[in-house]
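[1] Coordinates for the following, if possible.
(2 chains)
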There are 2 protein chains.
Amino acid sequence: QVGHSKARCLCLNGLVNRVKPLHIEKIEVYTSSHSCRNMEIIVTLKNGKGKKCLNPEAPFAKKTIEKIMNNQRSVQ
Amino acid sequence: QVGHSKARCLCLNGLVNRVKPLHIEKIEVYTSSHSCRNMEIIVTLKNGKGKKCLNPEAPFAKKTIEKIMNNQRSVQ
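    Numbering: from 1, shown residues only, chains lettered A, B, ... in the order given. Predicted coordinates:
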């Protein structure tokens, strides 16, 4: 499922399948590129709790992003 | 549609309603927070063509993100 050219990918230390939407401060989606063939999704957690790489193949990733897009104002 | 506390929002210079998905290198979604009540979506364009703030209220924003999530490998 992942590309072969991983030299410059950002998510090298494993992916998580879930993050609580309420804990998300920021989501970064890097599209496939010459430097990394995988799409990468990096979630920054609130309260300085660091970053996680979210598995783009996990149905949860898509659902979470849709949820955030739909409930913009209520995801505090 | 937008919050009143804009002091630390990132998108102060207008929003665009559309960006060609193929031109997108990275999407950043900032959830609503104490520093900015609006959800903000910042798109970084490929080839050093800068950043745009995408209107989160535009149906296009959601569709674009869904498209990127669904066609991960083909969005080169």
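
[2] How are the strands of chain A distributed by residue range?
    In chain A, the segments counted as strands under DSSP state E are A:24-30, A:40-45, A:51-54.

[3] would a markdown table of those with distance to chain B be doable?
    Yep, even glycine has a C-beta here, placed from its N, CA and C like the rest. Formatted as a markdown table, the strands of chain A follow (distance: least, C-beta to the nearest C-beta, whole Å):
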| stretch | distance to chain B |
| --- | --- |
| strand A:24-30 | 4 |
| strand A:40-45 | 9 |
| strand A:51-54 | 11 |
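
[4] can you put these in CSV and add mean pLDDT, mean neighbour count and distance to residue B:22?
    Listed next are these as CSV, based on pLDDT from 0 to 100; neighbours: other C-beta atoms under 10 Å in any protein chain shown; distance: least, C-beta to C-beta, whole Å:
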stretch, mean pLDDT, mean neighbour count, distance to residue B:22
strand A:24-30, 94, 21, 14
strand A:40-45, 94, 20, 18
strand A:51-54, 94, 20, 23
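
[5] Tell me which of the ones you listed lies nearest to residue B:40.
    strand A:24-30 (9.3 Å; C-beta to C-beta).

[6] Name every strand pairing with the closest one and say which way it goes.
    Applying DSSP bridges to the sheet, strand A:24-30 is found paired with strand A:40-45 (antiparallel), strand B:24-30 (antiparallel).

[7] list the helices and strands the helix or strand bottoming out on mean pLDDT in chain A packs on?
    Using mean pLDDT, DSSP states H and E, the weakest-scoring helix or strand in chain A turns out to be helix A:59-70, at a mean of 80. For helix A:59-70, the packing partners by 3 or more C-beta pairs under 8 Å, 6 or more residues apart in numbering or on different chains; DSSP states H and E come out as strand A:24-30, strand A:51-54, strand B:24-30, helix B:59-70.

[8] now the angle from that helix to strand A:24-30?
    Interaxial angle, helix A:59-70 versus strand A:24-30 (axes from the mean of the first three to the mean of the last three C-alpha atoms, to 10 degrees): 110 degrees.
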